[in-house]
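Colleague: Model the structure of this input:
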Amino acid sequence: MAKRLEQKLAQISTLRKGEPNAAAIKMLESILAKSEGAAVARVADLVVEWGLFELQPALAKAFERLVYGGRNIDPQCWGKVALVRALQALGWHDPEIFRLGCRCVQMEPVWGGQEDSAPALRAQSALALSGCPGITYDQAINELVRLLVDPAWNVRVAATQAIANLGYPQGAPLLRLRALLGDAEPRVIGACLEGLLHLSQIEAVPFIQEFFNHPDMAIRLEAHCVLATSSLPEAVGLAIAELETLTNPRARKAVMAALASSSSPSALDFLLGLLSSGSRSKALAALEVLHPRLQQREFYERTLAAITQNPDSSLRALLESHL
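Modeller: Residues are numbered from 1 along each chain as shown. From the prediction side, this is the model:
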């Protein structure tokens, strides 16, 4: 089987170097209909690369075949994940494939027992479902609510992101409830708060602020970063105002990095202000989080202008040396 798979992968690599002619498309259809998951995954990627929208039904049939074939033909769900991603990229309109992916559990042997290999598939399917044009809000939410309590944390995160992606304000109370219920994985709470801010905008800020007092430092940091990355001036202003309350240097740096990724002008003004008049440690920290953006000419010039305003000549020279 290993040798046959190796030959199929080599065949697909050869096809990729050519053109999407009739013979190549026929070969892709044959692999989708008969081959194991690893080969199907390569074909799914190639279908997207070539923009073969006419092969969407063949992708959907291959997905069903791999789901029902389980680990025997698609260990680790590589093929199924690639197929969902491909169908999502091509705008597949039938939600049944994605609903099937949301419910897929595939147990595989590991040392000492068995382990579910399908969390990545459920997560990808949840995100695909939220963008599927052929599903209503009620149908989608009934599927996604199951995934909010999935055993795998990355699936719970994807479910919250999918609810936010639906764009319906009535999804906000569900995200509030999920955040209040808590989670062993802080990133789940962070995803809930981020989704809530997306759906409710400024109305969500007071609720997110409540998590600044959470007993878990990691969850407090999630709340700070959600506000810091926002494009809402009010949210960014609150994150900046609360920055001084973070005594942990790593937490402060994380929030500053979040501010650096914000599209709000006030976030950038704050960081540039640290370069022009902040203490040594704050100025260096600001430059570090801003460094990835220095490739933009206009941003580089604004950063340099801020540094030249720093009254401390030794600090100014140090900052300039790091540009």
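
Colleague: Could you use CA atoms for every contact and neighbour count after this?
Modeller: OK.

Colleague: And the strands in the protein?
Modeller: Assigned strands in the chain, in chain order: 107-110, 113-116 (criterion: DSSP state E).

Colleague: Return the alpha-carbon coordinates of the last one using PDB.
Modeller: So that's strand 113-116. In PDB, the C-alpha atoms belonging to strand 113-116 read as follows (Å, rounded to 0.1, in the frame of the first residue of the first chain):
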ATOM      1  CA  GLY A 113      -5.500   3.100  23.800                       C
ATOM      2  CA  GLN A 114      -7.300   5.100  21.200                       C
ATOM      3  CA  GLU A 115      -7.400   8.800  20.200                       C
ATOM      4  CA  ASP A 116      -9.800  10.900  18.100                       C
END
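
Colleague: In terms of secondary structure, what does it contact?
Modeller: When contacts are defined as 3 or more Cα pairs under 8 Å, 6 or more residues apart in numbering; DSSP states H and E, strand 113-116 sits against strand 107-110.

Colleague: for the chain, which spans come out with low pLDDT?
Modeller: Where the chain drops to pLDDT under 70, the residues are 1-2.

Colleague: and with 80 instead?
Modeller: Low-confidence segments of the chain (pLDDT under 80): 1-5, 7, 316, 322-323.

Colleague: how close does Ala123 get to Ser130?
Modeller: 11 Å (Cα to Cα, to the nearest Å).

Colleague: Pro109 now?
Modeller: Per Cα to Cα, Pro109 is found 32 Å from Ser130.

Colleague: Who has more neighbours out of these two?
Modeller: For Pro109 versus Ser130, neighbours defined as other Cα atoms under 10 Å are more numerous around Ser130 (25 against 11).

Colleague: I figured the more buried one hits Asn165, correct?
Modeller: Yes: between Ser130 and Asn165 there is a contact at 6.1 Å, judged by Cα atoms under 8 Å.

Colleague: Any chance of CSV for the strands of the chain, columns distance to Ala159?
Modeller: Converted to CSV, the strands of the chain look like this (distance: least, Cα to Cα, whole Å):
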stretch, distance to Ala159
strand 107-110, 21
strand 113-116, 18
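
Colleague: Figure out which of those strands is closest to Glu49.
Modeller: Nearest of the strands of the chain to Glu49, taken as Cα to Cα: strand 113-116 at 29.9 Å.

Colleague: Just checking the distance from the closest one to the centre of its chain.
Modeller: Strand 113-116 sits 26 Å away from the centroid of its parent chain (Cα atoms, centre = their mean, to the nearest Å).

Colleague: What residues of it count as buried?
Modeller: Neighbour counts over strand 113-116 (16 or more other Cα atoms under 10 Å) mark Asp116 as buried.

Colleague: do the same with stretch 91-101
Modeller: Neighbour-count burial for stretch 91-101, counted by 16+ other Cα under 10 Å, picks out 92-95, 97-99, 101.

Colleague: what does stretch 314-323 give?
Modeller: Residues of stretch 314-323 classed as buried: 315-316, 319 (neighbour count, 16+ other Cα under 10 Å).

Colleague: Let's have those residues in TSV, adding distance to Tyr300.
Modeller: TSV is the format used below for the buried residues of stretch 314-323 (distance: Cα to Cα, whole Å):
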residue	distance to Tyr300
Leu315	18
Arg316	15
Leu319	13
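
Colleague: List the residues that contact the closest residue to Leu271 other than its chain neighbours.
Modeller: Once flanking residues are discounted, Leu271 sits nearest to Ala286: 5.7 Å by Cα to Cα, 6 or more residues apart in numbering. With contact taken as Cα atoms under 8 Å, 6 or more residues apart in numbering, Ala286 is in contact with 256, 271-272, 274-275.

Colleague: which one of those sits closest to Asp74?
Modeller: Nearest to Asp74 among the contacts of Ala286, with distances taken as Cα to Cα, is Met256, at 42.8 Å.

Colleague: Val289 is in contact with that closest one, correct?
Modeller: Yes: at 6.7 Å, Met256 and Val289 qualify as touching, with contact defined as Cα under 8 Å.

Colleague: neighbour count winner among the two?
Modeller: Neighbours were counted for Met256 and for Val289 using other Cα under 10 Å; Met256 has more, 28 against 19.

Colleague: Report how many residues lie close to Pro215.
Modeller: Using other Cα under 10 Å, Pro215 is surrounded by 9 other residues.

Colleague: Next: the one 5 residues further on.
Modeller: Applying other Cα under 10 Å, we find 22 other residues in the vicinity of Arg220.

Colleague: repeat for the one 4 residues further on
Modeller: His224 has 31 neighbours, counted by other Cα under 10 Å.

Colleague: Same question for Arg252.
Modeller: Using other Cα under 10 Å, Arg252 has 20 other residues around it.

Colleague: where's the residue lying closest to Leu272 once chain neighbours are set aside relative to Ser281, distance?
Modeller: Among residues not flanking Leu272 along the chain, Ala306 sits closest, at 5.9 Å (Cα to Cα, 6+ apart). To Ser281, Ala306 is 16 Å away according to Cα to Cα.
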